[in-house]
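[1] no sequence for this one, just the structure:
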């Protein structure tokens, strides 16, 4: 049985104190972070949290729901609520802004811009973007970080015709995804996912062991009939997972 910290008992609600549901959130997060509630641990039911913190079940439910939305907890019907394996997670069928994903989890987003240049398309890039061999394309390489830890290496090639000011973008303020969407709303996306082992350069950029297991996503994006971008996204396998949801009618 979880006993509420004495500091929280008998404290009346006032404008100087955080909302009661926030107090419960902090209580649960503290135990998740310090390992008292490890992955797959069942947290106290909302009825018990409501009693321990002298609040309504609705307030306890709000605290739990917030942590479910942030990815710390998962509800299992008929069983209870459990601590999740909180690797960074991204839906595979959507193109979301990684900075927004990280911030939605309550974490700090940052990136390192490794390259931002105009280059001549080689055979692969020309084929992927539907351009002539040697055509000029814009090229960027970024490492995306969550709380300072690398979670994605983005190696992107962009057709200059559709995003002419791409290289002038301040990627500390806007991710490549945000720049593309602002210029050309995305209408179609293609993903190819495979398991790979990190080469020496990739391992160095992602701060992982050489030959470590990674997830590679090849992504091409269209705006109407125009092929806008081709990107290679590499994620450390131990820090990232992809999610796929399918609706059955």
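    Received the coordinates, thanks. Since we're looking at a predicted model, the values are computed, not measured.
[2] Am I right that residue 40 is in contact with residue 79?
    No. The pair residue 40 and residue 79 fails to qualify as a contact (Cβ atoms under 8 Å) at a distance of 11.3 Å. C-beta: built from backbone N, CA, C; applies to glycine.
[3] moving C-terminal of the helix or strand bottoming out on mean pLDDT in the chain, what's the next helix or strand?
    For the chain, the helix or strand with the lowest mean confidence is strand 88-91, at a mean of 46 (criterion: mean pLDDT, DSSP states H and E). Using DSSP states H and E, the helix or strand that directly follows strand 88-91 along the chain is helix 98-104.
[4] Give me the buried positions along that following helix.
    Buried residues in helix 98-104, defined by neighbour count with 16 or more other Cβ atoms under 10 Å: 98-99, 101-102.
[5] Likewise for stretch 214-233?
    Of the residues in stretch 214-233, 214-217, 219-223, 227-233 count as buried by neighbour count, 16+ other Cβ under 10 Å.
[6] for stretch 183-190, same thing?
    Using 16+ other Cβ under 10 Å as the burial criterion, the residues of stretch 183-190 that qualify are 183-184, 186.
[7] cool, stretch 50-61 as well?
    Of the residues in stretch 50-61, those scored as buried under the neighbour-count criterion (16+ other Cβ under 10 Å) are 50, 52-53, 55, 59-61.
[8] try stretch 168-179
    Judged by neighbour count (16+ other Cβ under 10 Å), stretch 168-179 contains these buried residues: 169, 171, 175-179.
[9] can you give me the end-to-end distance of it?
    Across stretch 168-179, the terminal residues are separated by 10 Å (Cα to Cα, to the nearest Å).
[10] hey, what's the closest residue to residue 232 other than its chain neighbours bridged with?
    In space, and not counting its chain neighbours, residue 232 is closest to residue 155: 4.3 Å by Cβ to Cβ, 6 or more residues apart in numbering. On the basis of DSSP bridges, residue 155 takes part in beta bridges with residue 141, residue 232.
[11] tell me the pLDDT at the residue most central in space within the chain?
    Using Cα atoms, centre = their mean, the residue of the chain that lies closest to the mean C-alpha position is residue 101, 3.9 Å off. For residue 101, the model assigns a pLDDT of 85.
[12] And residue 69, by the same measure?
    pLDDT at residue 69 comes out at 69.
[13] next one: the one 5 residues further on
    Taken from the predicted model, the pLDDT recorded for residue 74 is 79.
[14] same check, this time on the one 10 residues further on
    What the model reports for residue 84 is a pLDDT of 79.
[15] Ramachandran angles for the closest residue to it other than its chain neighbours?
    Nearest-residue entry for residue 84: residue 74, 4.9 Å, with adjacent residues in sequence omitted and distances by Cβ to Cβ, 6+ apart. Note on residue 74: backbone dihedrals following degrees, to the nearest 10 are phi -140, psi 140.
[16] Quick check: the farthest pair among the buried residues of helix 98-104?
    Distances among these were taken as Cβ to Cβ; the most separated pair is 99 and 101, at 7.2 Å.
[17] Show me where the chain has its helices.
    Ranges of helices within the chain are 20-33, 46-53, 57-69, 98-104, 123-129, 176-183, 200-206, based on DSSP state H.
[18] Identify whichever of those helices lies nearest to residue 148.
    Of the helices of the chain, the one closest to residue 148 (Cβ to Cβ) turns out to be helix 98-104, at 11.1 Å.
[19] Check which helices and strands the closest one is in contact with.
    Under the contact criterion of 3 or more Cβ pairs under 8 Å, 6 or more residues apart in numbering; DSSP states H and E, helix 98-104 touches strand 88-91, strand 109-120, strand 136-146, strand 149-158.
[20] Which of the residues in the last one are classified as buried?
    Okay, so that is strand 149-158. Using 16+ other Cβ under 10 Å as the test for burial, strand 149-158 gives 150-158.
[21] Distance to residue 108 and pLDDT for the residues you listed - can I get that in a markdown table?
    Conversion of the buried residues of strand 149-158 to a markdown table gives the following (distance: Cβ to Cβ, whole Å; pLDDT from 0 to 100):
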| residue | distance to residue 108 | pLDDT |
| --- | --- | --- |
| 150 | 13 | 94 |
| 151 | 12 | 93 |
| 152 | 15 | 94 |
| 153 | 19 | 96 |
| 154 | 18 | 97 |
| 155 | 23 | 97 |
| 156 | 23 | 97 |
| 157 | 28 | 98 |
| 158 | 27 | 97 |
